[in-house]
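J.: Predicted model and sequence follow; I will ask about them next.
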Amino acid sequence: SNSNEHSYLFKIRLANIKAFIGITFFSYFICEILSLFNVFSFKYVLISWFLINGVIIYLNREKIKLNVFSIFSQKVIIPKKEKNILLFIFFLIILPLLLLAIFIAPNNWDSMAYHLPRVEHWIQNKNIYPYPTNIVRQLLTSPLSEYIIANFQILASTDSFSNLVQFASFIFILFSATLIFSLLKIGIKGQLFLLLALLSLPMMLFQATTTQTDLLASFFFISFILFALLIIQTEANFKTNFIFLVLSLTLGILTKYHIAIFAAPIVLYLLFILLKKKNIFLN
């Protein structure tokens, strides 16, 4: 709440970002594994998610017990003015976009041309392999966003929640960007200004209720920068941060290939910093 690395708001935003990255990774994993046996269907997708969540809960059972009880003892201190701005943003922008994402069917050209048709083909074929089509974008474009949509659509037996992948990416872009500001020691007023700046971008608002892929790719790129900063600034949780750094980059490339081009200089800089730290440690 005081915009530092140890605050409750910082940790809960970071935990949600990690959870979303985990969901996207397991969506990819489920699609690929079930497709090997042509069983990409409701029964096996449901069993897969039950098994994955069961294993995660079992491995983290002690932490879960601790966190569930600690939630109620946390005090989040946000100044009244900033709290009012956040409420204004939620009720005027976030909530209407959420309702539009759920209740308005995808209707833009890209969604109709290749994002959603490829999902329907995958569900029909019970695998994610190439199929005959005269729209080559259904086969050649990066598939991760549609993998997540396919999991949603199979489990819900409807395409009503297809837009939620982009909407969730929209929310987590806000989370990641404000966390980067937090790591740069910029306070809550600066983070609110960043929120308002991001929410003033028409493309952010328009794509939040579609099945396109730009916001998901942008989220992965920003989260990649976030975990790179965490690795540079602190040695704590290095392995975890490094795993999510790699996941952010690889999943981003699976969403849009050209993420690799933008990430290349950051990867080089990060390698330089890590090698420099290693040399200091060895000396």
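T.: Received the coordinates, thanks.

J.: quick one: low-confidence ranges for the stretch 1-150 of the chain?
T.: Low-confidence segments of the stretch 1-150 of the chain (pLDDT under 70): 1-6, 65-76.

J.: change it to 80
T.: Across the stretch 1-150 of the chain, the ranges flagged by pLDDT under 80 are 1-8, 62-78.

J.: What of the stretch 151-283 of the chain?
T.: In the stretch 151-283 of the chain, residues with pLDDT under 80: 277-283.

J.: That one: helices as residue ranges?
T.: 164-183, 188-199, 202-207, 214-233, 238-255, 259-282 (DSSP state H, counting those that start in this stretch).

J.: Could you check the angle the second one makes with helix 164-183?
T.: Helix 188-199 and helix 164-183 are oriented at 150 degrees to each other (axes from the mean of the first three to the mean of the last three CA atoms, to 10 degrees).

J.: buried set for helix 188-199?
T.: Buried residues in helix 188-199, counted by 16 or more other CB atoms under 10 Å: 188, 191-192, 194-195, 199. For glycine as for every other residue, the C-beta is placed from the backbone atoms N, C-alpha and C.

J.: try the fourth one
T.: Within helix 214-233, the residues that qualify as buried by neighbour count (16+ other CB under 10 Å) are 214-231.

J.: Kindly report the same for stretch 262-276.
T.: Across stretch 262-276, burial judged by 16+ other CB under 10 Å covers 263, 266, 270.

J.: residues in contact with residue 23?
T.: Applying CB atoms under 8 Å, 6 or more residues apart in numbering, we find residue 23 in contact with residue 148.

J.: So it versus residue 199, what's the distance?
T.: 24 Å (CB to CB, to the nearest Å).

J.: and of the buried residues of stretch 262-276, the nearest to residue 104?
T.: The shortest approach to residue 104 among those belongs to residue 263, at 33.2 Å (CB to CB).

J.: which residues touch residue 178?
T.: If you count contacts by CB under 8 Å, 6+ apart, residue 178 has them with 13, 191, 194-195.

J.: Could I get the helices of the stretch 151-283 of the chain in TSV, plus columns for distance to residue 131?
T.: Formatted as TSV, these follow (distance: least, CB to CB, whole Å):
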stretch	distance to residue 131
helix 164-183	22
helix 188-199	38
helix 202-207	27
helix 214-233	23
helix 238-255	19
helix 259-282	26
